[in-house]
Every structure is written in C-alpha cells, then in structure tokens.
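**Student:** pasting the sequence and the predicted coordinates here, then a few questions.
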Amino acid sequence: MLCRLGLLLNITLISHLSLWLCAPVSAFSSLVSASEASLWRDSPFHTLSRLASRPPRRFCTVLSPERPCSFNALRVNMGFDCVGIVSKDLQKSVEFYGILGVQLAQAGGPEHMEGTTESGVRIMLDSHELMKRVHKEWVPPSAPSGVTLGFKQASPSTVDEVHAAVTRAGFESVKEPWDAFWGQRYASVRDPDGNNVDLFAEL
C-alpha cells in the first residue's frame, strides 16, 4: 500500500510541476482500492496538493501592514461615486451645474446639496460654514485645485450651445470652443469657486 501511495504522490508532484493542477481521487480509481483512496484523502500529501493547486493570491496593505487585504476583493467592492466641491455660494453653484444638466437639491440640510450626472456620478456641494463645523482647522483654499471636471456632450454643436449658455449666465469662460487636435470639440469654463470644467464631444 505504501508503494501505491508513493506512486500517487509522484503522479501528483509531476502534475503540479507541469500543469499546476490537482487531479481528484477519482482519477486514480483504476489504480487503488477504496481503502487506499481513503488513506490518500486523509494524508498530508493530499492537503498539500489541494493547496498547491489554488491560484496565487494577491495581497495589499491598504488598510494596514498588519492586516493585509485581498486586492481583488477591494477592487470588486469599490467604485468612483461622487465629487465633492466646497462652495462659497451654494445658489450660484446650483445655477452653474444646473446649466450642465445636474439638478442639485438639499440632502440632509441646507448646507449640503447633491445631484447626479447623466453618467451616474454624483456632484456634492458643501458650504464653507459646514466645512468649518466638520473640520475645525479647515480654511478656504487660496487658489483652485488642479482637478478638472469633464462633461461629455452629445455633439460638437452641443459644446458650443452649453458654453454659450454658461457665459450668458455670467460665468467665466476659460477657452472658447475649438476643434482640438486630438479629435474633439472642446471648451473650458470655471464654476463660481474657480474650478475648471471642460465641455467636450467627439468630432
């Protein structure tokens, strides 16, 4: 019986070295008896063969070095959901983003507004006063961030129309609509807090 068990071990090792597969006990039913198959299942070699056949796991240390987490699990459970903007004038920001098709409304109080773009990403507005209450050491930014929001339009002519509507409402234009060399109709404006917002469509 030990010779047969050795044969099974050799077959398993060769299988793992070539294909990294673990053959089930049933594959050797013609070589061993039922009692020998049971002995194989209870042996440490069977446990090692099952562990070796598992695909390699990837770990990350997003949470902490002491508690590694599965990278694949994090990737499945996370998604880009919203953009938060701190606004010194909520009503002007509501008007601006309304022109871009985002209908903002109060959510949880008058100093927090939320709306959803057509692509499903939420835009959230918070007043300066709310930020100061939530973060005691928060101070208004002295200049706009380097982040630009991009709003894709249905057609090149829509880029022109939306840009015209934004400027007619008194908001700042950064760049007039133009045919960009990368194949898009493009324009840039600024929201009431100085954040850059690009309007674009495929040519």
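**Tutor:** Good, I have the coordinates. Predicted, not measured: the structure shown is a model, and the values here were computed from it.

**Student:** which residues of the protein score low on pLDDT?
**Tutor:** 1-76 (pLDDT under 70).

**Student:** now do the helices in it.
**Tutor:** Shown for the chain, the helices assigned by DSSP state H span residues 2-19, 34-42, 44-53, 71-77, 90-99, 128-134, 156-168.

**Student:** number of residues surrounding Ala187?
**Tutor:** By other Cβ atoms under 10 Å, 25 other residues sit near Ala187. Yep, even glycine has a C-beta here, placed from its N, CA and C like the rest.

**Student:** who are the contact partners of it?
**Tutor:** By Cβ atoms under 8 Å, 6 or more residues apart in numbering, the residues touching Ala187 are 159-160, 162-163, 173, 175-178, 198-200.

**Student:** show the buried residues in these.
**Tutor:** Listed as buried from the contacts of Ala187 are 159-160, 162-163, 177, 198-200; burial here means 16 or more other Cβ atoms under 10 Å.

**Student:** circling back to that earlier point, including distance to Pro192, could the contacts of Ala187 go into CSV?
**Tutor:** What follows is those, written out as CSV (distance: Cβ to Cβ, whole Å):
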residue, distance to Pro192
Val159, 21
Asp160, 22
Val162, 16
His163, 16
Ser173, 14
Lys175, 18
Glu176, 20
Pro177, 21
Trp178, 24
Asp198, 16
Leu199, 16
Phe200, 21
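
**Student:** of these, closest to Lys88?
**Tutor:** Of all the contacts of Ala187, Lys88 sits closest to Ser173, with 20.2 Å by Cβ to Cβ.

**Student:** that closest one pairs with what?
**Tutor:** Val189 (DSSP bridges).

**Student:** ok, it to Thr148 distance?
**Tutor:** 15 Å (Cβ to Cβ, to the nearest Å).

**Student:** Ile123 now?
**Tutor:** 14 Å.

**Student:** ditto for Asp160
**Tutor:** From Asp160 to Thr148 the distance is 19 Å (Cβ to Cβ).
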